[in-house]
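> model the following, please.
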Amino acid sequence: MEMVKKDRPVGKDKTETKLPGSGGLVCRVLTPQRTVFARRVESVSLDTAAGRLEIFARYEPTIAPLSVGAVLVREEDGSETSLAVHGGYVNMSGNTLVILADSAEVGGEIDIERARQSLVRARSLLAQVTEEGAGKDRIDADRARFAILRSLARLKVAGQEAPPGRQS
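You can find the predicted model right below:
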């Protein structure tokens, strides 16, 4: 007698039905430490290495590296939630968008003073490294530029103006 394997049904993740909302797009923002955001939404705008994407339900399957920047989530009721995302990948499959980020924060979680201090330190380091010249300092300059981008993204998502100075 031949055993027939029954395929597992393809479709919704069990946790998908527990998410708030009734929209067609499920959005999850995950970091190594926690789930930052998980909801049904209308759309998500984010920056990838190839440019800005606006993702809706039934968007084509996509895997792309994320850029440091703001992710704008449009909720079903028209409200918006902003997140600062620092590197990672985006994966769109079916009606599920998963953002796997090195780190991510919702606007209300951001420590504004700490973000400002990080920006000042990074700008200072970049100015110092630029004055000293090339060599191994190029790595320090790249790190400082990346820290500036992260700080600017955090401040933007928190709804704050960046203090004047070098942007990158």
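> tell me how many other residues surround the closest residue to residue 63 other than its chain neighbours.
Spatially, and ignoring its direct neighbours in sequence, residue 63 is nearest to residue 91 (5.1 Å; CB to CB, 6 or more residues apart in numbering). Every C-beta, even on glycine, is put in place using the N, C-alpha and C of the backbone. With neighbours defined by other CB atoms under 10 Å, the count for residue 91 comes to 15.
> other residues contacting the one helix or strand residue 91 maps to?
Residue 91 is part of strand 88-93 when elements are defined by DSSP states H and E. The contact list for strand 88-93 (CB atoms under 8 Å, 6 or more residues apart in numbering) reads 31, 46, 48, 53, 55, 59-66, 97-102, 104.
> of these, grab the buried ones for PyMOL.
In PyMOL, a selection of the buried entries from those looks like this (16 or more other CB atoms under 10 Å):
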select buried, resi 31+46+48+53+55+59+64+66+97+98+99+100+101+104
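> output the below-cut-off pLDDT ranges for this protein.
1-23, 131-137, 163-168 (pLDDT under 70).
> hmm, try it at 50
Flagging of the chain using pLDDT under 50 yields the residue ranges 1-15.
> quick check: domain ranges of it?
Here the domain parsing of the chain from automatic domain parsing is 21-108, 111-157.
> show me what the spatially most central residue of the chain is bridged to.
The centroid of the chain falls nearest to residue 85 when counting by CA atoms, centre = their mean (2.9 Å). Under DSSP bridges, the beta-bridge partners of residue 85 are residue 69, residue 104.
> what about it, distance to residue 161?
Going from residue 85 to residue 161 by CB to CB, to the nearest Å gives 20 Å.
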